[in-house]
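Student: Mind looking at a prediction? Sequence and model below.
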Amino acid sequence: MAAIDHQPLVSLRRFDLSDLDDFWVWASDERVAAACTWKAYTNKDDLRRHIEEIVLPHPWYRAIIVNGRPVGAISVKVPETANYQCHGEIGYMLATERWGKGVATSALRMATETALAEIEGLERVEAIVLEENKASQRVLEKVGFKREGVLRRYLLFKGVVKDVLIYSFIKGDAFLI
């Protein structure tokens, strides 16, 4: 008898200020923040300001939804410089209770496919990943992102200059999942 796949149904939508409590779950988690450029939030008022000033006005910042509730976030940032508007950088974060369950992989595929279709002129989606973040590298590779190489001394990460890996997905590449 074949095993039944119990992958959660994942969708994406814009955030709303009413998502503050759900956002707090991962934004205040040190384990989530460990791989992000920001430190875990310790004050809900600071997080509310972040949502109001950064998340809501951002043109492509989405909630990762499972069972009707936000469990993470994914965004695509396109540089404002005209010569670079054909590529965007994707980033994502996910509540720890959803790690290892296929949620990030599903959300990354959906976001990449949707951003390439919605953002005018976008031809390339890239991800910058810490070398030690093996889980995120696996997520990118499962979706079909290609590892392009190491960017040496590229990122000031919480006071330490770090090497990072760069991955890309080009419009027309095949999704693996």
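Tutor: Done, it's in. Numbers count the residues shown, from 1 in each chain.
Student: only C-alpha atoms for contact and neighbour calcs from this point on.
Tutor: Noted.
Student: Can you list the low-confidence ranges for this protein?
Tutor: 1-7, 82, 84 (pLDDT under 70).
Student: in it, which spans are strands?
Tutor: Here the chain has its strands, by DSSP state E, at 10-14, 61-66, 69-77, 87-94, 124-130, 146-157, 160-170.
Student: Now distance to residue 105 and mean neighbour count too, for those strands, in CSV please.
Tutor: Converted to CSV, the strands of the chain look like this (distance: least, CA to CA, whole Å; neighbours: other CA atoms under 10 Å):
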stretch, distance to residue 105, mean neighbour count
strand 10-14, 10, 18
strand 61-66, 11, 23
strand 69-77, 11, 22
strand 87-94, 10, 20
strand 124-130, 13, 21
strand 146-157, 14, 14
strand 160-170, 14, 18
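Student: Ok, which of those strands comes nearest residue 55?
Tutor: If you check each of these against residue 55 by CA to CA, strand 61-66 wins as the nearest, at 6.2 Å.
Student: Go ahead and measure how far the closest one is from the middle of the chain.
Tutor: How far strand 61-66 lies from its chain's middle: 10 Å, per CA atoms, centre = their mean, to the nearest Å.
Student: between that strand and strand 69-77, how big is the angle?
Tutor: 150 degrees (axes from the mean of the first three to the mean of the last three CA atoms, to 10 degrees).
Student: just the CA coordinates of strand 61-66, formatted as PDB?
Tutor: The C-alpha coordinates for strand 61-66 follow below in PDB (Å, rounded to 0.1, in the frame of the first residue of the first chain):
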ATOM      1  CA  TYR A  61       5.800  40.800   0.800                       C
ATOM      2  CA  ARG A  62       3.500  37.900   1.400                       C
ATOM      3  CA  ALA A  63       2.200  35.800   4.300                       C
ATOM      4  CA  ILE A  64       2.800  32.100   4.100                       C
ATOM      5  CA  ILE A  65      -0.600  30.600   5.000                       C
ATOM      6  CA  VAL A  66      -1.400  27.200   6.400                       C
END
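Student: What pairs with that strand, parallel or antiparallel?
Tutor: The strands beside strand 61-66 in its sheet (DSSP bridges) come out as strand 10-14 (antiparallel), strand 69-77 (antiparallel).
Student: I'd like those as CSV, with distance to residue 44 appended.
Tutor: Formatted as CSV, the strands paired with strand 61-66 follow (distance: least, CA to CA, whole Å):
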stretch, distance to residue 44
strand 10-14, 20
strand 69-77, 16
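Student: Noted, bye for now.
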